[in-house]
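**Student:** after the sequence you'll find the predicted model.
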Amino acid sequence: MDKEYKVGSIVVMKKDHPCGTNEWEVIRTGADIKIKCINCGRTIMMPRIEFNKKLKKVSKF
Ligand SMILES: [Zn+2]
């Protein structure tokens, strides 16, 4: 089952970003999910299936 998130949600990924945080803001949803590191501002995009696998939890819906 998919966890629920939307643009603007803050999500926690299973793996920490090298900058020291693992919290990301969802900035685009669809077939691909784009997230932005809330610490360093780096953005990454990945297929929804991969995102759902790497997602640990939604900390703010
Ligand atoms: Zn970062």
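**Tutor:** Arrived safely.
**Student:** and Lys3, what does it touch?
**Tutor:** Each residue near Lys3 by CB atoms under 8 Å, 6 or more residues apart in numbering is listed here: 52, 55, 57-58. Heads up, the C-betas are built off the backbone N, CA and C, glycines and all.
**Student:** one more: Lys53?
**Tutor:** Lys53 neighbours (CB under 8 Å, 6+ apart): none.
**Student:** how about a cut-off of 10 Å?
**Tutor:** With contact taken as CB atoms under 10 Å, 6 or more residues apart in numbering, Lys53 is in contact with 14, 46-47.
**Student:** now swap in Lys56 and tell me
**Tutor:** Contacts of Lys56 by CB under 10 Å, 6+ apart are 3, 11-15, 22.
**Student:** which members of these define the maximum pairwise distance?
**Tutor:** For the contacts of Lys56, the farthest-apart pair by CB to CB is Lys3 and Lys15; their separation is 16.3 Å.
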